[in-house]
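Visitor: task: produce atomic coordinates for the following.
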Amino acid sequence: MAIVSGFDAAFPLCITLIDGDRVELSNLNRQVFFTEHDLGRSKPTATEENIHVLFCDIAERKISIACVETNVHAENISALLKNSNYVIDATDSVDTKFLINDFCTLYKIPFCYAGASGTHGQLMHVNPLSSKFACLRCLFGNESAIQCDGLNATCRESGILGAVVGHIGLLQGTAAVEHISEKIITEAHPCLLRFALEEPQIKYSRVEPSNQCPNGCGTRPQKLLNLSEEKCPMTFLHTKIALENMDFESRLNVILNSHDTCMSVGHSCREEGYDIVEMREIFSSGSWLLRLEKGSLRTRD
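Guide: I've put the predicted structure just below:
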């Protein structure tokens, strides 16, 4: 609702609603888009229809809505999110939150994380396009879900006040509109926003990039090179050119279309004197990530 009401129609906007759940009676106290007439219906479909009722001028304002009736998981996240300009994480699964974080960080897609429990809420705008960005793993570390303070309690397990979800949704929608409208300063330091309904003020905590982050955050410059549509030997040629044009002690994240291609390019780069930081399949998609580091001039010599 915040996105639709706040968007100024300067250019076309497509909102994709992704959810595999159906409306349940327990949803109605906090998900105000739904009524008793929506019980049993797909959440994306019911939301789309109710948006059109509330905002009858939505087409004139160049806003379109697409519905996808599925949940996000490792096998489909690439197909669902790869063409996004901004992602709003409104999930209640810790694993899904980290999956969205890792995918958006790798593909440099800005997104907004949020979590809520009881009367408390928190959110963080993550912008991988910024040289100062930090992600959820910088904030919470690489611990398992049950060890992450504030993330492991879901709405179903701990309960949640409807007003908290409403406030979180408003803040996330505002962040999305500000980013799309280029009102968020790209190079601003990332902050975690926390609030509690029983407290009078919102608290901001600066989040520093971690050099131990498995997503490669921190002070080391990085570049993404998507070669998933390329074939050998062009994959190695493009990778080598990219590395040669980067500063020393920088990292290059290369996306390749298969395990064999990843191994071949990695072997060739190692022979050229570049360091392999990581090789792994990306989100069960069949594509592979090759993370390379351009060592110091002394090391290369």
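
Visitor: what secondary structure does residue 99 sit in?
Guide: helix (DSSP: H, G, I helix; E, B strand; the rest coil).

Visitor: packing partners for the longest helix along the chain?
Guide: As far as residue count goes, and with DSSP state H defining each element, the longest helix of the chain is helix 162-180. The contact analysis (3 or more C-beta pairs under 8 Å, 6 or more residues apart in numbering; DSSP states H and E) places helix 162-180 against helix 2-6, strand 87-88, strand 111-117, strand 120-126. Bear in mind the C-beta positions are built from the backbone N, C-alpha and C, glycine included.

Visitor: worst average pLDDT in the ones you listed?
Guide: For the helices and strands packed on helix 162-180, mean pLDDT drops lowest on helix 2-6, to a mean of 62.

Visitor: helix or strand next in line after that one, which one?
Guide: Past helix 2-6, heading to the C-terminal end, the next element that is a helix or strand (DSSP states H and E) is strand 13-18.

Visitor: now that next one, how far from the centre of its chain.
Guide: For strand 13-18, the gap between its own C-alpha mean and the chain's C-alpha mean amounts to 15 Å (C-alpha atoms, centre = their mean, to the nearest Å).

Visitor: what mean pLDDT does it have?
Guide: For strand 13-18, the per-residue pLDDT averages 91.

Visitor: against which helices or strands is the host helix or strand of residue 104 packed?
Guide: Residue 104 belongs to helix 94-107 when assigned by DSSP H and E. Contact partners of helix 94-107 among helices and strands, from 3+ C-beta pairs under 8 Å, 6+ apart: helix 77-81, strand 111-117, strand 120-126, helix 136-140, strand 222-226.

Visitor: show me what whichever helix or strand comes after the last one is packed against.
Guide: Meaning strand 222-226. Once the chain leaves strand 222-226, the next helix or strand it forms, by DSSP H and E, is helix 234-244. When contacts are defined as 3+ C-beta pairs under 8 Å, 6+ apart, helix 234-244 sits against strand 222-226, strand 251-256, helix 259-271, strand 288-293.

Visitor: what's in contact with helix 234-244?
Guide: Outside helix 234-244, the residues within contact range by C-beta atoms under 8 Å, 6 or more residues apart in numbering are 223, 225, 227, 230, 252, 254, 256, 261, 264-265, 268-269, 272, 274, 290, 292, 294.

Visitor: repeat that for 6 Å
Guide: 225, 227, 252, 254, 261, 265, 268, 274, 294 (C-beta atoms under 6 Å, 6 or more residues apart in numbering).

Visitor: what two of these have the greatest distance between them?
Guide: Taking C-beta to C-beta as the measure, those reach their widest spread between 261 and 294, a distance of 20.4 Å.

Visitor: low-confidence stretches in the stretch 201-301 of the chain?
Guide: When residues are selected by pLDDT under 70, those of the stretch 201-301 of the chain lie in 219-220, 296-301.

Visitor: what does the stretch 1-150 of the chain give?
Guide: Using pLDDT under 70 as the threshold, the predicted model of the stretch 1-150 of the chain has low-confidence ranges 1-11, 142-150.

Visitor: how about residue 279, what does it touch?
Guide: 262, 266, 290.

Visitor: re earlier: take the helices and strands packed on helix 234-244 and write them to TSV, including mean neighbour count.
Guide: Compiled in TSV, the helices and strands packed on helix 234-244 are given as follows (neighbours: other C-beta atoms under 10 Å):
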stretch	mean neighbour count
strand 222-226	17
strand 251-256	23
helix 259-271	17
strand 288-293	22
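
Visitor: can I get those in TSV with distance to residue 130?
Guide: TSV is the format used below for those (distance: least, C-beta to C-beta, whole Å):
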stretch	distance to residue 130
strand 222-226	12
strand 251-256	16
helix 259-271	27
strand 288-293	20
